[in-house]
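> Generate a structure from the sequence data that follows.
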Amino acid sequence: MIDDPTLQSIIERIVSATPTRAVDAALAGQPGVRAAGDAVREAVASLGLALDPVAPSAAARARFVDAVAALPTLRSKTAVVVVDMLVDHLTPGAPLEVRRARGIVPAMRQRLAAARAAGQPVVYLCDHHEPGDPDLLSWPDHNLGDPRASVWPELAPEASDLVVPHRHYSGFSETALDATLRAAGVDALEITGCITEIHLYATALDALQRGYRVTVPPALQAGSSELVEQVILGTLSVLRPVDPDIAR
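Sure thing, here's the model as predicted:
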């Protein structure tokens, strides 16, 4: 009998065939429980391999075939989206500094170079405000300059990169981002940058609602703390795109 209620709950999910992504999200940030949960998964898998296979019923087979036929065509073009890697967020001592963001700059540089070499679109989302913007009543003055010039110098956009200013939490809100991506034939996004729990998270949710596949590489995002990052990445890991026909 297992005393730990968290581990007991995880085992019940595994045995009841809860989707792997949901179990992984529940295990995030719990190394001890995760190790025990992985052991249970391995044991269940070994047991399944040891049993004689059972042919599905005709009805189950038909449901499976119908489900596969209903799957959307695999996405084919991914854009790398850089969220708010800006001078006003990366400068030490700035009022809205995201300290952890400076730590991902080297990995971001490598990823952007690889994307450009592969012909992948690179899109910069740049928080931008005009003087008198009501948003500045709630936050210190920030990101008032030219959006392209506001990007952290080590990650400066190249001429072929797209720069989309935004002033709300989501990069899709009242911007040309969606139209720009669709015009470029993009249907999957690799979202990077900061701050994970605000602009990055809001943008990722809006992208999923519009039918885009979304990935957020852990090494290419920065939040206010490691714990916050784990929570947001765990949440996004269990979400899937809304059917584009429904989203539109």
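> Strands along the chain, start to end?
Ranges of strands in the chain, per DSSP state E, are 78-83, 122-127, 162-166, 188-194, 213-215, 221-222.
> which one of these is the most hemmed in?
strand 221-222 (a mean of 27; mean count of other Cβ atoms under 10 Å). C-beta here means a position set from N, CA and C on the backbone, and glycine is covered the same way.
> Show me what that strand is packed up against.
Here strand 221-222 touches strand 188-194, helix 226-237, going by 3 or more Cβ pairs under 8 Å, 6 or more residues apart in numbering; DSSP states H and E.
> contact partners of that strand?
Strand 221-222 has contacts (Cβ atoms under 8 Å, 6 or more residues apart in numbering) with 98, 100-101, 103-104, 191-196, 200, 229, 233.
> Each with direction, which strands does that strand pair with?
Strand 221-222 sits in its sheet next to strand 188-194 (parallel), going by DSSP bridges.
> Domain ranges for this protein, per the record?
Using automatic domain parsing, the domains assigned to the chain come out as 5-70, 78-247.
> Tell me which helix or strand in this protein has the weakest average pLDDT.
In the chain, the helix or strand scored least confidently by mean pLDDT, DSSP states H and E is helix 244-247, which has a mean of 52.
> Name the nearest residue to residue 154, sequence neighbours excluded.
Excluding the flanking residues, the one nearest residue 154 by Cβ to Cβ, 6 or more residues apart in numbering is residue 105, at 5.4 Å.
> How about residue 166?
Leaving aside its sequence neighbours, residue 166 sits nearest to residue 175 (Cβ to Cβ, 6+ apart; 4.8 Å).
> need the contact list for that neighbour.
Taking Cβ under 8 Å, 6+ apart as the test, what residue 175 contacts is 164, 165, 166.
> Got the phi and psi for it?
phi -130, psi 180 (degrees, to the nearest 10).
> How many residues are close by residue 59?
Using other Cβ atoms under 10 Å, residue 59 has 8 neighbouring residues.
> And residue 104, how close does it get to residue 155?
Residue 104 sits 10 Å away from residue 155, going by Cβ to Cβ, to the nearest Å.
> quick one, which of the two is more surrounded?
Set residue 104 next to residue 155 and count neighbours by other Cβ under 10 Å: residue 104 wins out with 23 against 18.
> and the contacts of strand 221-222, which two are the farthest apart?
In the contacts of strand 221-222, the most distant members under the criterion Cβ to Cβ are 103 and 191, with 17.6 Å between them.
> For residue 182, which of the strands of the chain is the nearest?
Closest approach to residue 182 among the strands of the chain (Cβ to Cβ): strand 78-83, 10.7 Å.
> Reformat the helices and strands packed on strand 221-222 as JSON lines; add distance to residue 179.
JSON lines is the format used below for those (distance: least, Cβ to Cβ, whole Å):
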{"stretch": "strand 188-194", "distance to residue 179": "14"}
{"stretch": "helix 226-237", "distance to residue 179": "24"}
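> looking at these, which is closest to residue 113?
strand 188-194 (13.3 Å).
> ok, now which ones touch residue 198?
residue 169.
> and the gap between it and residue 238?
Taking Cβ to Cβ, one finds residue 198 at 20 Å from residue 238.
> Distance check, residue 78 against residue 111.
12 Å.
> Hmm, I typed the wrong one, I wanted residue 181.
Distance, residue 181 to residue 111, by Cβ to Cβ: 18 Å.
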